[in-house]
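Trainee: Here's a sequence, model it:
(one chain, ligands or ions: 1)
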Amino acid sequence: MRDENLRESTNIEDRRGGSGGDDGSFGGGFGNGGIPIRTGGGLGFVIVVLLVLFFGGGKNLLSNLPADDNSYSQSGYQGQQTNANGLNETHDRSAEEARTAKRIARVLGSTEDYWGNYFKQNGGTYNPPTLVIFDNATKSACGTASQATGPFYCPGDGKVYLDMGFFNEMRTSLGANGDFAEAYVVAHEIGHRVQDEMGILSKAHRAMARSGQDKGADSLSVRIELQADCFAGAWAKNAIADAGNLEQGDVEEAMNAAEAVGDDRLQKRAQGYAVPDSFTHGTSAQREKWFNTGMKSGDPASCDTFSAKNL
Ligand SMILES: [Zn+2]
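Mentor: Coordinates of the predicted model:
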């Protein structure tokens, strides 16, 4: 993916270098290899463990966060950062992290431009979220964000939370490599913001609250996740592919990422087998399918996972 043509967002809140729990009052900190990302608003990154989303408002999210954590926390995240080559590793990681952070800011900027236009064309207004970059742990209206939670979007405060180490995990544990894979993860979380802006999230949450059903292979939770994948695909088509920013191997990278973060795959990694009833994100194949649906059509209207008979 060529990102140099993408507009860098200022909606990033850099909380790296903190001890966690700070609500961004020292956003823009440069500690710990932190990068002087602009601190205008808050970049937030988040990725996949959005089960969180399903549970709607802040309060419910809190109680449900731990469950979401499991798949990621068990995927071998810890320990990646300890390495025999102390200084060099640290230095290299900081430089790499700086590049990653810049890419993320650019991807975020391109989602703002794409969705801003899309909403405008449809008579609406897109309010872009803040993306919070953190390490270790930080507070959100949906509970404490940590390495174990994975990236997520919190409807309670409208921010995306992204732990920089998650991309290391993608590379090393999940086998999902490449900058476009990172972009897909960001675009997926932004997809949840778009759902929030469209009123889809709150509607789905109300329906889930009424039915008491929020998990399972064709649950609303899964439909929400797959739609976010499809929205990510629509962004990829318009902002990256059609804009001439796609490079060879990019789509494979995203597919690999989508595959790597499917519930079935994560659960198999964690416990050796998959439990469809507890699926909340969709299988790897479903995630690939819906990302592709958005990528091929380039039209968010093609992302109606709620009406789809076959996910
Ligand atoms: Zn999600």
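
Trainee: make it CA atoms for all contacts and neighbour counts henceforth
Mentor: Will do.

Trainee: After the helix or strand harbouring F231, which helix or strand is next?
Mentor: Secondary structure from DSSP states H and E places F231 in helix 220-235. For helix 220-235, the following helix or strand on the C-terminal side (DSSP H and E) is helix 250-260.

Trainee: which other helices and strands contact that next one?
Mentor: helix 179-197, helix 284-297 (3 or more Cα pairs under 8 Å, 6 or more residues apart in numbering; DSSP states H and E).

Trainee: Give me the contact status of the shortest one with the ion.
Mentor: No - contact between helix 284-297 and the ion is absent, the nearest approach being 10.3 Å (criterion: Cα under 5 Å from the ion).

Trainee: in the protein, which helix or strand is least confident?
Mentor: Least confident helix or strand of the chain, by mean pLDDT, DSSP states H and E, is helix 58-73 with a mean of 31.

Trainee: The very next helix or strand once past that one: which residues count as buried?
Mentor: As assigned by DSSP H and E, the chain's next helix or strand after helix 58-73 is helix 86-121. Buried residues in helix 86-121, counted by 16 or more other Cα atoms under 10 Å: 90, 94, 97-98, 100-116, 118-119.

Trainee: same thing with stretch 157-167?
Mentor: Buried, per 16+ other Cα under 10 Å, within stretch 157-167: 158-167.

Trainee: Within reach of the ion, which of those residues are there?
Mentor: Within those, nothing lies near the ion by Cα under 5 Å from the ion.

Trainee: Which of the residues you listed fall in strands?
Mentor: If you go by DSSP state E, the buried residues of stretch 157-167 have 159-163 in strands.

Trainee: Just send these back as TSV, with pLDDT too.
Mentor: Supplementary listing: these in TSV, determined by pLDDT from 0 to 100:
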residue	pLDDT
K159	93
V160	92
Y161	89
L162	88
D163	85
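
Trainee: just curious, which of those is nearest to S146?
Mentor: D163 (7.1 Å; Cα to Cα).

Trainee: Tell me the bridge partners for that closest one.
Mentor: F134 (DSSP bridges).

Trainee: Contacts only, for it.
Mentor: 45-46, 133-136, 146-147, 150-151 (Cα atoms under 8 Å, 6 or more residues apart in numbering).

Trainee: Deepest in the core, which of the helices and strands packed on helix 250-260 is it.
Mentor: helix 179-197 (a mean of 26; mean count of other Cα atoms under 10 Å).

Trainee: The helix or strand just after that one and the ion, any residue contact?
Mentor: Counting by DSSP H and E, the element after helix 179-197 in chain order, helix or strand, is helix 200-211. No - Helix 200-211 does not reach the ion (Cα under 5 Å from the ion); its nearest approach is 11.4 Å.

Trainee: what pLDDT, on average, does helix 200-211 get?
Mentor: The average of the pLDDT scores along helix 200-211 is 88.

Trainee: Could you list the low-confidence segments of the stretch 51-200 of the chain?
Mentor: Residue ranges of the stretch 51-200 of the chain with pLDDT under 70: 51-93, 148, 168, 170-177.

Trainee: Recalculate using a threshold of 90.
Mentor: Counting by pLDDT under 90, the stretch 51-200 of the chain has low-confidence residues at 51-101, 135-137, 140-155, 161-182, 185.

Trainee: which ones are touching R193?
Mentor: With Cα under 8 Å, 6+ apart, R193 has these contacts: 128-129, 153, 155, 158.

Trainee: now, the most widely separated pair of the ones in strands among the buried residues of stretch 157-167?
Mentor: K159 and D163, at 13.0 Å, using Cα to Cα across these.
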